[in-house]
Structure formats: structure tokens, C-alpha cells
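Chemist: Sequence plus the predicted model coming up.
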Amino acid sequence: MLFENYQVPWENDELRILRDAAAKFFTQEFKPQNEKWLAQGKVDREAWNKAGEAGLLCAEIPEEYGGGGGDYRHETVIMEEQHRAGVGGFGNQVHSTIVAPYILHYGSEEQRRRWLPKMATGEMVGAIAMTEPNTGSDLQAVRTTAVRDGDEYVINGAKTYITNGQHADLVIVVAKTDPNQGAKGISLIVVETADNPGFERGRNLSKLGQKSADTSELFFQDCRVPVSNRLGDNEGEGFIQLMKQLPEERLNIAQAAVIAMERAIEITLEFVKERKAFGQRVIDFQNSRFKLAECKTEALVARTFVDQCVMWLMEGRLDAATASMAKYWCTQKQCEIVDECLQLHGGAGYMSEYEISHMYADARVQKIYGGTNEIMKEMIGRTLG
């Protein structure tokens, strides 16, 4: 443990038991498969079923819908132990902490009972399709349309960089139900992908990092879904729904960044205590100690900040600007700390056989998805008056 005397302020005995169980599961069941998953560019489909059997999917969804009956803290514990085990490619952050809450908060009772139990068992894998080939952080500019035709929507458009795209059985599509209304014309439409002739998966995209996370192109060509698959009572509620859920998503990204910082420092400490140069251990050089002292300090500052944000979220007090601060600052520090740790590995840090090299490549996208850090600064800046 990097911070021996630090006690997580929101954790209790129940959560500590869950943490131990999650750590054991990811270390024993998923980590041995990681090299294979990296090579094939996605986790095995059965991994979702295994996680469901272990009770690690949809932990904050009420038991009446098949979930764990917990809250955001339960999802946090599972996410932290997954990343601590070095299994970043399993897309449960999207499945359980983004897609499932959209259905829980904005879906009808029929939608909740139809989809959530299957997501909790891993029978259905969830994805959310926001980004388009020409539209990133500016969600108001999406071009995908959902035109009503009787009791159905006809969806046309293309999405890209979609996490879980290769496995997804259920995709929340951000689409324009009224292209003339800007943000007020956006709705969230759920597409069930099985036996849907208007839905097509594109490439599993090759990426700089996070190579075991399937990231896909998705195409919708006259894709028909029932009007009852829309989230929300009325058309045009999608943008507001997105804005309400994004703070939680951005906090989750910040938390993943903190785990990465802590893990990078831990493996680097192990390395510099064993590696020798000029007749002494690398840790014995003042520069090494000073660099790691800086990294440890910044990681603890990040840890205390995100833990405070978790408590604010649980109290309903986490605002969009503060979540943006957490996402921007923690992901920036993640990239800086991982870079320093790679440097302390020397040439070994550039070799794929060392975990730090994968962490370096994986870190870069953290400053991009969930809204770029430039967008985060813009949101923070709007609070300055």
C-alpha cells in the first residue's frame, strides 16, 4: 500500500470486504488472460459473464433490477481493484457506471426490468455512442438522426471510438430527433443490436494504448427501433440527461487516474530498489528519491481530492465544475507521474515487457475522453464570473 496511514474516508467494513473480493477476482481470473487480450485487441466475451457471476457488474443498481443494491462507492471499489490489477481493458466503467445509471435514472419501469438484470449478469454488454467521426466533445453538433415513423425511430448515422462496441448488445445512441432544435433536439435512443439489420459494427480500432479495450466504429443505416426504446418521457431530453450524468463519469475517470499514479509509483519503487547503476541502487541517488517524493506527494493530493469528491457526490453536492477540476488535474498528473516513473526505469521502461510502458501509452487518452481537458478548463472558467 502506497499510503500506509491513509484511511479512505468513505469506506466501511462492507466496502472493504467487497474490495478484497474484487482484488482476488481480477488478480486470479482476469490478470492471467491479460496478455492474450492485449494481443487480440479485446477481452473475451465470456469475461462479462464471469464478472456477472461474481457480482461485479451493476453494483449500484437496486437488487429489484438484478443489481448489487449498492451505491457509487461500491462501483468505485470494484473499478479501483480492476485497475490496480492492471486489467484496464475490461470496459465495466462504461457498462456499469455510465450505461446502467442512464437506464436506471431515465428509463421507464419496463425498460429497467428488461435490460438491467441482463446487464447485471453479463448477458448483455452496454455501450454509449456519443462521439462521431466529425464530432467529439461538442455533443450539440451530432449528426446522427432518429426520425419517427409511426411507432418506430429510424436511425441513420455513424459513431466512432465506442468502448465495448465489439461486444455491445445494447447501445445508448445520442441522436437528433429534431435537427432544427440544437441541444433541445437531442434524445437518447437504446438500440438492441441482436438481429437488427440496420446496425453494423465497424472495425475494432487500433490504438496507441489500452489495446485490450475494444474501441469500435458503429454504423446505423435505416436502423429501426421502437419509440419505447427512447430514454425519457419526451423527445429532446437527451442533452440534459447527458449533462446530469457527465460529472459522475468525469469523477470516475479522475479516480482511475489516481489508481494509475499509485500503481506507477509502486512498481517503480520495486524497480529502483532492485536496479543498480554505478555500484549503487537507483533508489540511493538523490534525484531518484526527490522525483519519487514529488510523485508520491502529488498522488496523495489527488487521492484526497477525489475521495472528497466521492463524498460530495454521495451527498448530491458534486457540481460539474468541480468534477471537471478533478478530471483535468488528475489526468494531467497521471500523465506526468507515469512519465517520471518510466524515466526512472531507464531503457527498460520503453520495453513492452515492463508494465510501466503500457501504463505510459494507456494514460494519454485520459486527457481526451469524457470531454477533453481543454473543455474541462472551459467549464471551470465559466464559474469565474
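Modeler: Looks like it arrived, so ask away. This one's a predicted model, so the numbers in the text were calculated from it and none came from an experiment.
Chemist: C-alpha from now on. contacts and neighbour counts both.
Modeler: Fine.
Chemist: Tell me which stretches of the stretch 201-350 of the chain form helices.
Modeler: 238-274, 286-314, 320-345 (DSSP state H, counting those that start in this stretch).
Chemist: was I right about residue 330 contacting residue 302?
Modeler: Yes. If you go by Cα atoms under 8 Å, residue 330 and residue 302 touch, sitting 6.2 Å apart.
Chemist: And the two? Which one has more around it.
Modeler: residue 330 (30 against 24; other Cα atoms under 10 Å).
Chemist: who are the neighbours in contact with that one?
Modeler: 254-255, 257-258, 302 (Cα atoms under 8 Å, 6 or more residues apart in numbering).
Chemist: switch to 6 Å and redo it
Modeler: 254, 257 (Cα atoms under 6 Å, 6 or more residues apart in numbering).
Chemist: got it, and residue 163?
Modeler: Contacts of residue 163 (Cα under 6 Å, 6+ apart): 214-215.
Chemist: Report the beta-bridge partner residues of it.
Modeler: For residue 163, the beta-bridge partners under DSSP bridges are residue 215.
Chemist: likewise the one 10 residues further on?
Modeler: With DSSP bridges as the criterion, the beta-bridge partners of residue 173 are residue 129, residue 189.
Chemist: From what I see, it and residue 131 are in contact.
Modeler: No. Using Cα atoms under 6 Å, residue 173 makes no contact with residue 131, being 9.7 Å away.
Chemist: more neighbours, these two?
Modeler: More neighbours surround residue 173 than the other of residue 173 and residue 131, with 25 against 22 (other Cα under 10 Å).
Chemist: Spit out the contact partners of the more buried one.
Modeler: Taking Cα under 6 Å, 6+ apart as the test, what residue 173 contacts is 129, 188-189.
Chemist: again with residue 65
Modeler: 113, 116-117.
Chemist: if you skip the residues just before and after it, what's nearest to it?
Modeler: Using Cα to Cα, 6 or more residues apart in numbering and skipping the chain neighbours, the partner closest in space to residue 65 is residue 117 (5.3 Å).
Chemist: which parts of stretch 37-57 are buried?
Modeler: 37-38, 41-44, 48-52, 55-57 (16 or more other Cα atoms under 10 Å).
Chemist: what does stretch 114-129 give?
Modeler: Using 16+ other Cα under 10 Å as the test for burial, stretch 114-129 gives 115-129.
Chemist: Mind checking which of the residues you listed land in helices?
Modeler: 115-121 (DSSP state H).
Chemist: before we move on, which element is the spatially most central residue of the chain in?
Modeler: Taking Cα atoms, centre = their mean, the centroid of the chain lies closest to residue 93, which sits 3.9 Å from it. Taking DSSP states H and E as the definition, residue 93 sits inside helix 92-94.
Chemist: so how far is that helix off the chain centroid?
Modeler: A distance of 5 Å separates the centroid of the chain from that of helix 92-94, by Cα atoms, centre = their mean, to the nearest Å.
Chemist: pull the CA atoms of the next helix or strand after it into PDB?
Modeler: Later in the chain than helix 92-94, the nearest helix or strand by DSSP H and E is helix 100-106. Extracted in PDB, the C-alpha atoms of helix 100-106 (Å, rounded to 0.1, in the frame of the first residue of the first chain):
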ATOM      1  CA  ALA A 100     -26.700   1.200 -16.400                       C
ATOM      2  CA  PRO A 101     -27.300   4.500 -14.500                       C
ATOM      3  CA  TYR A 102     -28.800   6.100 -17.600                       C
ATOM      4  CA  ILE A 103     -31.300   3.300 -17.800                       C
ATOM      5  CA  LEU A 104     -32.000   3.400 -14.000                       C
ATOM      6  CA  HIS A 105     -32.400   7.200 -13.900                       C
ATOM      7  CA  TYR A 106     -34.200   7.900 -17.200                       C
END
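Chemist: What's the mean pLDDT across helix 100-106?
Modeler: The predicted model assigns helix 100-106 a mean pLDDT of 98.
Chemist: So what touches that helix?
Modeler: 231-232.
Chemist: which parts of that helix are buried?
Modeler: Buried, per 16+ other Cα under 10 Å, within helix 100-106: 100-104, 106.
Chemist: gap between residue 335 and residue 283?
Modeler: With the distance defined as Cα to Cα, to the nearest Å, residue 335 ends up 22 Å from residue 283.
Chemist: can you give me the end-to-end distance of stretch 49-62?
Modeler: 19 Å.
Chemist: same question, stretch 100-112
Modeler: End residues of stretch 100-112 are separated by 9 Å (Cα to Cα).
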